[in-house]
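1. Need the 3D shape of this:
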Amino acid sequence: MPIKKALNLLVKKENLSLELTYEVAQEIITGRATPSQIGAFLATLAAKGETTEEITLLNKFGMFVPNNLPIGKIQS
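-> All right, here's what the predicted structure looks like:
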């Protein structure tokens, strides 16, 4: 499973290739990754520090929300 390979790299503080990042995103989007795998992936990615390429690709899947955005009730 791509997410397991990604987790092994992330705990070693290694960057993910674009291909592996894409495969992980597909695994998450299609429901093949468990909730605990998704949480571990996002936590280890944040602990490593995301690269611009990783953020850009995950953002295309709607999977990345920068932590500096205000989340909550939108005032109109």
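2. Which secondary structure elements does the stretch of helix or strand residue 55 belongs to sit against?
-> Per DSSP states H and E, residue 55 falls inside helix 52-60. Applying 3 or more CB pairs under 8 Å, 6 or more residues apart in numbering; DSSP states H and E, one finds that helix 52-60 contacts helix 18-29. (C-beta placed from N, C-alpha, C; glycine too.)
3. Run through who's touching the helix it packs on.
-> Helix 18-29 is contacted from outside by 1-3, 5-6, 9, 16, 33, 38, 41, 53-54, 57-58, 61, 63, using CB atoms under 8 Å, 6 or more residues apart in numbering.
4. same thing with stretch 37-55?
-> For stretch 37-55, the external contacting residues (CB under 8 Å, 6+ apart) are 3-4, 6-7, 10-11, 13-16, 18, 21, 24, 28, 33, 64, 66.
5. swap the cut-off to 7 Å and go again
-> Residues from elsewhere that reach stretch 37-55 (CB atoms under 7 Å, 6 or more residues apart in numbering): 3, 6-7, 10-11, 13, 15-16, 18, 21, 24, 28, 64.
6. Pull the most distant pair out of the contacts of helix 18-29.
-> The most widely separated members of the contacts of helix 18-29, counting by CB to CB, are 1 and 53 (21.4 Å).
7. Which of the contacts of helix 18-29 are buried, as a PyMOL select command?
-> Buried residues among the contacts of helix 18-29 (16 or more other CB atoms under 10 Å), as a PyMOL selection:
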select buried, resi 2+3+6+16+33+41+54+57+58+63
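8. shaky segments in this protein?
-> Low-confidence segments of the chain (pLDDT under 70): 64-76.
9. Start and end of stretch 25-37, how far apart?
-> Distance across stretch 25-37, first residue to last, is 12 Å (CA to CA, to the nearest Å).
10. Show me what counts as buried in that stretch.
-> For stretch 25-37, using 16+ other CB under 10 Å, the buried residues are 25, 27-28, 33, 37.
11. Cool, thanks, signing off.
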